[in-house]
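Asks: here is a sequence with its predicted model. Questions after.
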Amino acid sequence: MKGEVFSLTTATQLRTGTWQISLPFQGEQGIIGSYLLAGANEVALIDPGPSTTIEALLASIREAGFAPEDITHLVATHIHLDHFGAAGSLLRHLPRARVYVHSKGARHLLDPSKVVASATRIYGERMQQLWGEIEAVPQEKLQSIEGGDILNIAGRRLEVHYTPGHAVHHVIFFDVHSGELFAGDAAGVRLQGIDYVRPPTPPPDLDLEAWSETISKLKQLRPDVLYLAHFGPTTNVPQHLERLREKLYSWGELVLAQMRNGKDEAEIIESFIAQTQPELERIARDPHELARYEIATNYPMTVQGYMRYWKLKSQKR
Ligand SMILES: [Zn+2]
């Protein structure tokens, strides 16, 4: 029988009480990941994804052996649309779920209009096709969290750590007992089977100093495993994080040099790709993997994020 996207195995048990869910984004598996935690009669979903993959998410929850009615917590590492765009619409399917998000993201869930406007500037007419409807989360369902909080959910004790740099509303969740760290985008993008870390640097929040501090914080926690949103478990943690830090800065320098040369955005994107893509080509070998990295975090957005960061920094001087 010919397989459909939804009939593939998309829920993978990683450890006792931990599942990884792959959401089929733009026809590709292994790009956007959610994590499901189960224990003590609670089920939590970390980063349920965009609205366009809600049906697939619900199918994966069932595949992991749970019902949508079992979900008690919807937890955000950050509110970018590929991680948490589904939240408002998803609540209709998850009658018991409450939403947990950093205080800086909470107001954007109550009123998504600014997030939608900002994403529309980046994605234009592809908004609907990529992200679908962005619905508000009702106040009574919303729980604001901060770095330093402890979430006792799904039979675990999860430390919340504030991790800005990629986004001002970014947190990670660390299970001290198991050593699992749910990293969202703070630990970068690394697709499975390819030894290459790429910093996702979208506008408007990119902050190299804050992100570098975040990287140091993640290292100090000494996790056994990083669970990346894009995508999956990474166990060689210190090396992975130092590679991320190196790329974050060296890519920033490439963009800055072009800006100083008076190049415009289109020219900078072109030369940025010419300078950075050969390394990925060499490591990935398969051209399709380049396209997959581009779906996870694309070059134009990468450059736009750095350009905005450098412009803001020069204004502050
Ligand atoms: Zn993000």
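Replies: Perfect, I can see it now. Numbering: from 1, shown residues only.

Asks: ok and the residue in the stretch 151-300 of the chain nearest the ion?
Replies: Using Cβ to the ion, the closest approach of the stretch 151-300 of the chain to the ion is made by residue 185 at 3.9 Å. To be clear about C-beta, it is placed using only N, CA and C from the backbone, and glycine gets the same treatment.

Asks: try the chain
Replies: Nearest to the ion, among the residues of the chain, is residue 80, at 3.5 Å (Cβ to the ion).

Asks: burial of that residue, as a residue count?
Replies: For residue 80, the neighbour count with other Cβ atoms under 10 Å is 25.

Asks: do residue 184 as well
Replies: When neighbours are defined as other Cβ under 10 Å, residue 184 has 25 of them.

Asks: repeat for the one 4 residues further on
Replies: For residue 188, the tally of surrounding residues (other Cβ under 10 Å) stands at 28.

Asks: cool, residue 234 as well?
Replies: For residue 234, the tally of surrounding residues (other Cβ under 10 Å) stands at 21.

Asks: before we move on, what about residue 39?
Replies: For residue 39, the neighbour count with other Cβ under 10 Å is 14.

Asks: ok, now which ones touch the residue nearest to residue 85 when sequence neighbours are not counted?
Replies: Excluding the flanking residues, the one nearest residue 85 by Cβ to Cβ, 6 or more residues apart in numbering is residue 50, at 4.2 Å. The contact partners of residue 50, by Cβ atoms under 8 Å, 6 or more residues apart in numbering, come to 23, 25, 32, 81-83, 85-86, 130-132.

Asks: helices - which of the residues you listed land there?
Replies: Mapping the contacts of residue 50 onto helices (DSSP state H) picks out 81-83, 130-131.

Asks: ok so, going back, in contact with the residue of the chain closest to the ion, which residues?
Replies: 167, 185, 202.

Asks: how far away is residue 237 from residue 230?
Replies: 17 Å (Cβ to Cβ, to the nearest Å).

Asks: quick one: which of the contacts of residue 80 is nearest to residue 66?
Replies: Minimum distance to residue 66 across these is 25.6 Å, recorded for residue 185 (Cβ to Cβ).

Asks: what number of residues lie near the residue lying closest to residue 199 once chain neighbours are set aside?
Replies: Leaving aside its chain neighbours, residue 199 sits nearest to residue 248 (4.5 Å; criterion: Cβ to Cβ, 6+ apart). Neighbour count for residue 248, taken as other Cβ under 10 Å: 22.

Asks: before we move on, what about residue 135?
Replies: For residue 135, the neighbour count with other Cβ under 10 Å is 17.

Asks: for residue 114, which non-adjacent residue is closest in space?
Replies: Counting by Cβ to Cβ, 6+ apart, residue 114 lies nearest to residue 108, which is 6.1 Å off, once chain neighbours are set aside.

Asks: tell me who's in contact with the one you found.
Replies: 79, 114-115, 169.

Asks: pull out the buried residues from those residues.
Replies: Buried positions within the contacts of residue 108, assessed by neighbour count (16 or more other Cβ atoms under 10 Å), are 79, 115, 169.
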